[in-house]
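>>> Sequence below, structure please.
(one chain, ligands or ions: 1)
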Amino acid sequence: VEEGAFRVVVVGAGFGGYYAARTLCRKLDESEASITLVSDSDGMLYQPLLPDVAVGAIDPRAANVPLNSTLRRASVVRGRATGVDLEVRAVDVASPSGPLTIPYDYLLLAPGGVTRTFDIPGLAEHAIGFKTTAEALYLRERVLARIEAANASDSPPAAPINFIVVGAGYAGTELAAQMSRLTDHLLPTFPNVGEVRWLLIDHSQSVMPELGHWLGERAVTLLRRRGVDVRHQTSIARIDGGAVELTDGTVIQDATVIWCAGVAANPLISTLGLPVTKGRLVVSPTLDVPDHPSLFAVGDAAAVPDASQPAAAGAICPPTAQHAMRQGPAAARNIIARIRGRDLRAYRHRDLGLVVDLGGAGAVAKPLGIPLSGWPAKAVTRGYHVYALPTARRRLTALTGWALAGRRPDDVSFGLLDLEQALAARSEHSL
Ligand SMILES: Cc1cc2nc3c(=O)[nH]c(=O)nc-3n(C[C@H](O)[C@H](O)[C@H](O)COP(=O)(O)OP(=O)(O)OC[C@H]3O[C@@H](n4cnc5c(N)ncnc54)[C@H](O)[C@@H]3O)c2cc1C
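Next comes the predicted model:
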């Protein structure tokens with residue numbers, strides 16, 4: 001660190017942290033500030049492409065942007081922030097080489113959220129999450145392993161193999177739609193496999209309520225056409241090894257549960273002892289924490305006032321990549337403004353809508369409030385991801401993957417992962 005330079009530390013390298021670090025690297029001179037990025041992985045994960053990774057349409061590296069080579073101006077510290085001393089202004093980090101203490105003048109917290117789980121018997125030991133690359137790859141391996149094992153049996157027809165996706169938000173819906181298409185296309189290659197069944201269950205009345213009734217129904221129609229059993233007002237009562245009991249009383253044998261039932265606040269936030277809304281750190285419209293001018297927060301970990309809604313409503317931005325990737329640079333610019341003694345600017349972004357890739361020609365989208373389905377939605381969905389993916393190389397890899405995936409998906413797995421790395425209750429808490 002150059003003498004007199006400020007120390008800027010960013011925690012978390014997802015949508016918020018990565019784009020913040022990129023803006024800091026581009027705009028801050030080395031004589032002005034050092035930039036340290038604390039991250040528990042060496043890549044920025046583009047989570048919306050996880051279903052494409054799970055079905056094998058794209059290489060996992062297309063959805064992971066390397067930190068060291070794309071943020072050369074920053075020092076990347078591989079580790080997990082475990083606490084912040086707000087008095088001394090230092091971050092405690094658990095790193096693979098032991099505990100570290102990293103002092104800062106300005107700290108931006110962007111650790112995102114974690115999978116929200118509930119106290120359901122068997123869930124912690126058996127349910128797979130769907131928020132990390134390891135979880136997406138493990139799910140793919142599990143699906144292939146189950147099909148290959150059933151095919152090896154010489155007493156057809158084997159009992160059905162079941163996969164239950166819990167949570168019909170956009171992540172769970174995309175996953176069930178894309179995976180059921182994958183297994184449909186794989187089955188002719190495995191003559192001894194009787195049936196692979198996909199269930200999509202949610203305790204609410206609708207699928208992807210954020211898209212509105214019409215698009216939700218279009219998605220349900222497509223899912224049912226692909227044979228997915230969509231059940232509303234249903235959840236998991238217990239998981240007992242391979243047997244799963246639903247809250248409607250159905251017991252399903254030989255089932256794998258994939259838990260996509262929402263995001264909870266990152267546990268780091270509650271260690272700060274600062275005000276929170278729904279577990280997210282309260283920040284002002286300029287993304288700094290009231291009464292803590294050195295501390296900023298963005299993304300799923302922060303309760304950012306939604307300036308596009310009437311102020312009286314007290315609305316906060318939804319936890320989406322769309323917001324996080326804009327809040328990151330906005331916070332970075334405000335940190336720079338504070339370093340240079342200038343005025344801070346409030347964050348403001350009008351939601352552009354959602355895009356949902358259901359595999360094949362299937363998609364639903366609501367860009368700028370216009371409901372689309374089928375090919376027009378597909379074009380908007382793919383176009384948006386190509387635009388939003390950082391680096392030309394990743395855009396090209398994703399485009400090539402989609403072009404080659406076609407109707408014949410690959411059925412190769414590597415067997416490198418074990419269940420421990422993919423459990424919803426644990427995956428995000430290991431280094
Ligand atoms: C399957 C799926 C599909 C999605 N699709 C869409 C979509 O289509 N559109 C959309 O807008 N949003 C989508 N989202 C939501 C979106 O990905 C999140 O809202 C977004 O990633 C939030 O950004 P963030 O920077 O706050 O957190 P994240 O992107 O989750 O990044 C946080 C990072 O910090 C790391 N971290 C956590 N704790 C620590 C710690 N203590 N120390 C160091 N590092 C830490 C995490 O490992 C992670 O790398 C999707 C999410 C999923 C799971």
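>>> Model confidence at the closest residue to the ligand within the stretch 1-150 of the chain, what's the number?
At 1.6 Å from the ligand, residue 14 is the closest residue in the stretch 1-150 of the chain, using C-beta to the nearest ligand atom. No exception for glycine: its C-beta is placed from N, CA and C like everyone else's. pLDDT, residue 14: 97.
>>> swap in residue 404?
Listed pLDDT for residue 404 reads 89.
>>> tell me the contacts of it?
Residue 404 makes no contacts at all, as judged by C-beta atoms under 8 Å, 6 or more residues apart in numbering.
>>> How about the contacts made by whichever residue of the stretch 251-400 of the chain sits closest to the ligand?
At 2.1 Å from the ligand, residue 299 is the closest residue in the stretch 251-400 of the chain, using C-beta to the nearest ligand atom. For residue 299, the contact set (C-beta under 8 Å, 6+ apart) comprises 12, 14-17, 110, 112, 319, 323-324, 327-328.
>>> try 10 Å
Counting by C-beta atoms under 10 Å, 6 or more residues apart in numbering, residue 299 touches 12, 14-17, 19-20, 108-113, 266, 280, 317, 319-321, 323-325, 327-328, 331.
>>> near the ligand, which residues of the stretch 201-350 of the chain?
266, 268, 299-301, 319-322, 324 (C-beta under 6 Å from any ligand atom).
>>> Neighbour-wise, give me the winner out of those residues.
Most neighbours among these, by other C-beta atoms under 10 Å: residue 299, with 31 neighbours.
>>> Against residue 51, how distant is that residue?
Distance, residue 299 to residue 51, by C-beta to C-beta, to the nearest Å: 21 Å.
>>> picking up where we left off before, would you mind confirming that the residue of the stretch 1-150 of the chain closest to the ligand makes contact with residue 325?
Yes: using C-beta atoms under 10 Å, residue 14 is in contact with residue 325, at 9.1 Å.
>>> so what's in contact with these two at the same time?
44, 46, 298-299.
>>> Pull the most distant pair out of those residues.
Taking C-beta to C-beta as the measure, the shared contacts of residue 14 and residue 325 reach their widest spread between 46 and 298, a distance of 16.8 Å.
>>> so where's the stretch 1-150 of the chain shaky on pLDDT?
1-3 (pLDDT under 70).
>>> Output the set of residues of it in proximity to the ligand.
Counting by C-beta under 6 Å from any ligand atom, the residues of the stretch 1-150 of the chain near the ligand are 11-17, 38-41, 45, 47-48, 50, 80-81, 110-112, 130-131.
>>> Now, these that are in helices?
Of those, the ones assigned to helices by DSSP state H are 15-17, 50.
>>> Which stretches in the stretch 151-300 of the chain count as helices?
Secondary structure of the stretch 151-300 of the chain by DSSP state H, counting those that start in this stretch: the helices cover 170-186, 213-225, 267-270.
>>> check contacts around residue 151.
Counting by C-beta under 10 Å, 6+ apart, residue 151 has contacts 158, 186-187, 189-193.
>>> Any buried residues in stretch 331-348, and which?
Neighbour-count burial for stretch 331-348 flags 331-336, 338-339, 344, 347 (criterion: 16 or more other C-beta atoms under 10 Å).
>>> same thing with stretch 61-76?
62-65, 67, 70-71, 74, 76.
>>> and if you look at stretch 307-321?
Residues of stretch 307-321 classed as buried under the neighbour-count rule (16+ other C-beta under 10 Å) are 316-317, 319-321.
>>> Stretch 381-398 too?
Those would be 381-382, 384-385, 388-390, 394-395, 397-398, for stretch 381-398 by 16+ other C-beta under 10 Å.
>>> Please see if that stretch touches the ligand.
No: between stretch 381-398 and the ligand, judged by C-beta under 6 Å from any ligand atom, nothing touches; the nearest distance is 8.1 Å.
>>> What distance separates the opening and closing residues of that stretch?
One end of stretch 381-398 to the other measures 13 Å (C-alpha to C-alpha, to the nearest Å).
>>> circling back: would you list the buried residues of stretch 331-348 in JSON lines and tack on secondary structure and pLDDT?
As requested, the buried residues of stretch 331-348 are arranged in JSON lines below (DSSP: H, G, I helix; E, B strand; the rest coil; pLDDT from 0 to 100):
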{"residue": "331", "secondary structure": "helix", "pLDDT": "98"}
{"residue": "332", "secondary structure": "helix", "pLDDT": "98"}
{"residue": "333", "secondary structure": "helix", "pLDDT": "98"}
{"residue": "334", "secondary structure": "helix", "pLDDT": "98"}
{"residue": "335", "secondary structure": "helix", "pLDDT": "98"}
{"residue": "336", "secondary structure": "helix", "pLDDT": "98"}
{"residue": "338", "secondary structure": "helix", "pLDDT": "98"}
{"residue": "339", "secondary structure": "helix", "pLDDT": "97"}
{"residue": "344", "secondary structure": "coil", "pLDDT": "98"}
{"residue": "347", "secondary structure": "coil", "pLDDT": "97"}
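>>> I'd like those laid out as a markdown table, including distance to residue 123.
What follows is those, written out as a markdown table (distance: C-beta to C-beta, whole Å):
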| residue | distance to residue 123 |
| --- | --- |
| 331 | 35 |
| 332 | 38 |
| 333 | 42 |
| 334 | 40 |
| 335 | 40 |
| 336 | 44 |
| 338 | 44 |
| 339 | 46 |
| 344 | 43 |
| 347 | 36 |
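>>> Select from the buried residues of stretch 381-398 every entry located in helices.
Per DSSP H, these map to helices at 381-382, 384-385, 388, 394-395, 397-398.
>>> State the number of residues packed around the closest residue to residue 121 other than its chain neighbours.
Residue nearest to residue 121 in three dimensions, not counting chain neighbours: residue 238, with 4.2 Å by C-beta to C-beta, 6 or more residues apart in numbering. Residue 238 has 15 neighbouring residues, counting by other C-beta under 10 Å.
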